[in-house]
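Engineer: Coordinates for the following, if possible.
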Amino acid sequence: MSTPSSLEELIEALRCLPGIGPKSAQRMAYHLLQRDRKGARRLADGMSHALEAIRHCSRCNTFTESDVCERCASTKRDASLLCVVETPVDMNMMEQTQAYNGLYYVIMGRLSPLDGVGPRELQLDRLLARACDGEVQEVILATNYTNEGEATAHYVSELLRSRGIKVTRIARGVPVGGELEYVDAGTLAQAMRERKNVEA
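Structural biologist: Numbers count the residues shown, from 1 in each chain. Here you go, the predicted model:
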């Protein structure tokens, strides 16, 4: 007996989620149809509404329902600082630290030539225009410490420094509360290279 094509479409649609393979997608589809049709409807309606209502902030490029997001519209934030992150999730993590009160720019990805993602796909010209608006005094690069994140940080720093903009990079090293015994050698080596003076 063949599977209904609408069910196959649902299973395939669920596979677009990160970390969801064919078996997980099949389990989710059967669960929604068999045990939680109300939840399935809510999921479909929520996704449909989000796709209609959510767009990119014209200043920082994150997701918002208005032209300018709440953070960019706030007068309480330091407009001289611009933190560049890869995703809105990264921006939210930075906010949770409560150690930063500047503005952001979300590039929505990272350079990855093997995947066909270059400066044009990331619209880095928009970042450049934002960083050169006359208000920004320092750009803080907070891309991930992956090969692609490092390449992105390097490319963006070269782009901005050639225009006389101060560029800094978030530090890396031993995590707070971490024990040296459990830290990998690469992280420990980086922490040693980025050591700083002890202040009284």
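
Engineer: distance of the closest residue in space to M94 that isn't next to it in sequence from L82?
Structural biologist: Distances taken as Cβ to Cβ, 6 or more residues apart in numbering put Y100 closest to M94, at 5.6 Å, once the chain neighbours are dropped. No exception for glycine: its C-beta is placed from N, CA and C like everyone else's. From Y100 across to L82, the span is 11 Å (Cβ to Cβ, to the nearest Å).

Engineer: where in this protein is pLDDT low?
Structural biologist: 1-4, 200 (pLDDT under 70).

Engineer: which residues in it form strands?
Structural biologist: 55-56, 63-64, 78-85, 102-106, 138-141, 166-169 (DSSP state E).

Engineer: on that earlier part again, higher neighbour count, Y100 and L82?
Structural biologist: Neighbour totals were compared for Y100 and L82, and L82 leads with 26 against 17 (other Cβ atoms under 10 Å).

Engineer: ok, the more buried one - contacts?
Structural biologist: Residues near L82 by Cβ atoms under 8 Å, 6 or more residues apart in numbering: 102-105, 130-131, 136, 138-140.

Engineer: How far off centre is stretch 184-191?
Structural biologist: Centroid separation between stretch 184-191 and its chain, computed with Cα atoms, centre = their mean, to the nearest Å, is 24 Å.

Engineer: buried ones in it?
Structural biologist: Across stretch 184-191, burial judged by 16 or more other Cβ atoms under 10 Å covers 187, 191.

Engineer: Just the C-alphas of it, formatted as PDB.
Structural biologist: C-alpha atoms of stretch 184-191 as PDB (Å, rounded to 0.1, in the frame of the first residue of the first chain):
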ATOM      1  CA  ASP A 184      41.200  21.200  24.600                       C
ATOM      2  CA  ALA A 185      44.700  22.000  23.600                       C
ATOM      3  CA  GLY A 186      43.700  24.500  20.800                       C
ATOM      4  CA  THR A 187      41.600  26.500  23.200                       C
ATOM      5  CA  LEU A 188      44.300  26.500  25.800                       C
ATOM      6  CA  ALA A 189      46.900  27.600  23.300                       C
ATOM      7  CA  GLN A 190      44.700  30.500  22.200                       C
ATOM      8  CA  ALA A 191      44.100  31.500  25.800                       C
END
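
Engineer: is D78 in a bridge, and if so with what?
Structural biologist: Taking DSSP bridges, one finds G102 as the beta-bridge partners of D78.

Engineer: what does the one 5 residues further on give?
Structural biologist: In this structure, C83 bridges to Y104, I140 when assessed by DSSP bridges.

Engineer: which residues sit in contact with it?
Structural biologist: Applying Cβ under 8 Å, 6+ apart, the residues contacting C83 are 91, 94, 100, 102-105, 139-140, 142.

Engineer: Touching both of Y100 and L82, which residues are there?
Structural biologist: With Cβ under 8 Å, 6+ apart, Y100 and L82 have common neighbours I140.

Engineer: List of residues touching the longest helix anywhere in the chain?
Structural biologist: Taking DSSP state H as the criterion, the chain has its longest helix at helix 37-53. With Cβ under 8 Å, 6+ apart as the test, helix 37-53 has contacts from 32-33, 65.

Engineer: Export those as JSON lines, with columns for neighbour count and distance to L122.
Structural biologist: Below are the contacts of helix 37-53 laid out as JSON lines (neighbours: other Cβ atoms under 10 Å; distance: Cβ to Cβ, whole Å):
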{"residue": "L32", "neighbour count": "18", "distance to L122": "35"}
{"residue": "L33", "neighbour count": "13", "distance to L122": "38"}
{"residue": "E65", "neighbour count": "11", "distance to L122": "23"}
